[in-house]
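**Student:** Build me a structure from this.
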Amino acid sequence: MRVTHSIKSVIFLVFLCVSLNNQAVQNSYASEVLGKTLIFQIESVKGANKKKLPSKGVYIQTYDSNVTYQFKTLGANINESGINQYKYEIQSPIIAIETTFDQDSKALFKTSLKFDSATSGKWERVYGDYQTIIRGHFVVESKNILAPKSQINRTNALTILKTFSNTLPRSNYPDKGSIFLQMYQSDGTFNGTAFGPRAFQPEGSYSATRVSNNTVIEHAVSNIKEINYSAPYTMVYFYDTDYSGTWYQNFNNGLITLSGTFTTFESK
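**Tutor:** Got it, this is the predicted structure:
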C-alpha cells in the first residue's frame, strides 16, 4: 500500500517532536536542592566589596530544609559559617536561581546555577550592591565516597586545560596541555615531574582534607628550584569517579590560576 506524501510529512513531524522532547528531557539537569549538599568552588571575585569576601577555597551549603541552609567556607582566606534563609526556583531545564537573605548582614544576594550535568555546573553570585560578583564551578555531593581520605602514597596526574594571570606574561607560567605527575609522601611532602610548555618541577609540603564525599582541598607550599621560587597554593579536587575528576588551583593568592582534569592512583 502506498503512503502519500502528506502522511509521510505527518509521520516525520511526529518523529521530530518525539526526538526533540526526548532530548529536552535528557538535558533537564536543574533539580531541587532540598536534602542535598552543594560545593561551590570560588574562582573569581570582582567588585567594590571583593576584599570582604573569600577569594579561594569553597562554600559548602547543606539544604536541610526548604527555608534555610547551613553554610561554611573551607580552604578560604576568609572564614564564614552560619545559617541563611533562601528561596530556590528552577527557571529552565538547566538554570536555577537562589535568592538568599544573609541573617548576619541582613543583605540579599542572588546565585545563578547553570547545570552542565545533573551533578555539576557553573555558578555566579551577585550581591545587593550589584557590583560584587563571585563566580566558579559547583558540584552536588555524591552519595558514595569517591574522594580518598588521604593523599599519602598517591600519585595525581594533572592535565592543565586552562591557565591565567592578570600580572605575569604568558611566558612565565605553565601553558595548557602541560602534564604534572604529583607524588605525595607520608611525611607531608610532595614532589612532581612535569612535561609540556613552560612546565616546572615542583616539590614542597602539603596538607589535604576530604571535605565532602567527592571533594578534597589541598594546601601546599611549592618550591620551584629552576627559578628559586617558593609560594603557597590552594587546590580543589572534584572527584567524578574514585580515580578521576577535575581540579582548580589558586597559586600564590591568585597570581596564577590553573585548572584541568586529573586521574589518580596509589603509588605503593
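**Student:** so residue 230 makes contact with residue 205?
**Tutor:** No - Residue 230 is beyond contact range of residue 205, at 10.2 Å (criterion: C-beta atoms under 8 Å). No exception for glycine: its C-beta is placed from N, CA and C like everyone else's.
**Student:** joint contacts of the two?
**Tutor:** Residues touching both residue 230 and residue 205 (C-beta atoms under 8 Å, 6 or more residues apart in numbering): residue 221.
**Student:** what helix or strand is the residue most central in space within the chain on?
**Tutor:** Nearest to the geometric centre of the chain sits residue 137, at 3.8 Å (C-alpha atoms, centre = their mean). Residue 137 belongs to strand 133-140 when assigned by DSSP states H and E.
**Student:** Please name every helix or strand in contact with that strand.
**Tutor:** With contacts taken as 3 or more C-beta pairs under 8 Å, 6 or more residues apart in numbering; DSSP states H and E, strand 133-140 sits against strand 37-41, strand 44-46, strand 120-127, strand 244-251.
**Student:** can I have the third one written out in PDB, keeping just the CAs?
**Tutor:** Taking C-alpha atoms only, strand 120-127 is exported to PDB below (Å, rounded to 0.1, in the frame of the first residue of the first chain):
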ATOM      1  CA  SER A 120      27.700  19.900  38.300                       C
ATOM      2  CA  GLY A 121      27.800  23.200  36.600                       C
ATOM      3  CA  LYS A 122      28.800  26.900  36.900                       C
ATOM      4  CA  TRP A 123      27.600  29.400  39.400                       C
ATOM      5  CA  GLU A 124      27.500  33.200  39.800                       C
ATOM      6  CA  ARG A 125      26.600  35.100  43.000                       C
ATOM      7  CA  VAL A 126      25.600  38.800  42.700                       C
ATOM      8  CA  TYR A 127      25.400  40.800  45.900                       C
END
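**Student:** Buried residues, that strand. List them.
**Tutor:** Neighbour counts over strand 120-127 (16 or more other C-beta atoms under 10 Å) mark 120, 121, 123, 125, 126, 127 as buried.
**Student:** And stretch 29-43, by the same measure?
**Tutor:** 29, 30, 33, 36, 37, 38, 39, 40, 41, 42, 43.
**Student:** Straight-line length of it, end to end?
**Tutor:** Stretch 29-43 has an end-to-end distance of 23 Å (criterion: C-alpha to C-alpha, to the nearest Å).
**Student:** go on, stretch 177-194?
**Tutor:** End-to-end distance for stretch 177-194: 11 Å, by C-alpha to C-alpha.
**Student:** Report the rounded mean pLDDT for that stretch.
**Tutor:** Averaged across stretch 177-194, pLDDT comes to 95.
**Student:** Identify all contacting residues around that stretch.
**Tutor:** Surrounding stretch 177-194, the residues in contact under the criterion C-beta under 8 Å, 6+ apart are 151-160, 174, 195-208, 220, 267.
**Student:** If any of the residues you listed are buried, put those into a ChimeraX selection.
**Tutor:** This is the ChimeraX syntax for the buried subset of those, where burial follows 16+ other C-beta under 10 Å:
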select :151,154,155,156,158,159,160,174,199,200,202,203,204,206,208,220
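**Student:** In strands, which of the contacts of stretch 177-194 fall?
**Tutor:** 154-160, 195, 202-208, 220 (DSSP state E).
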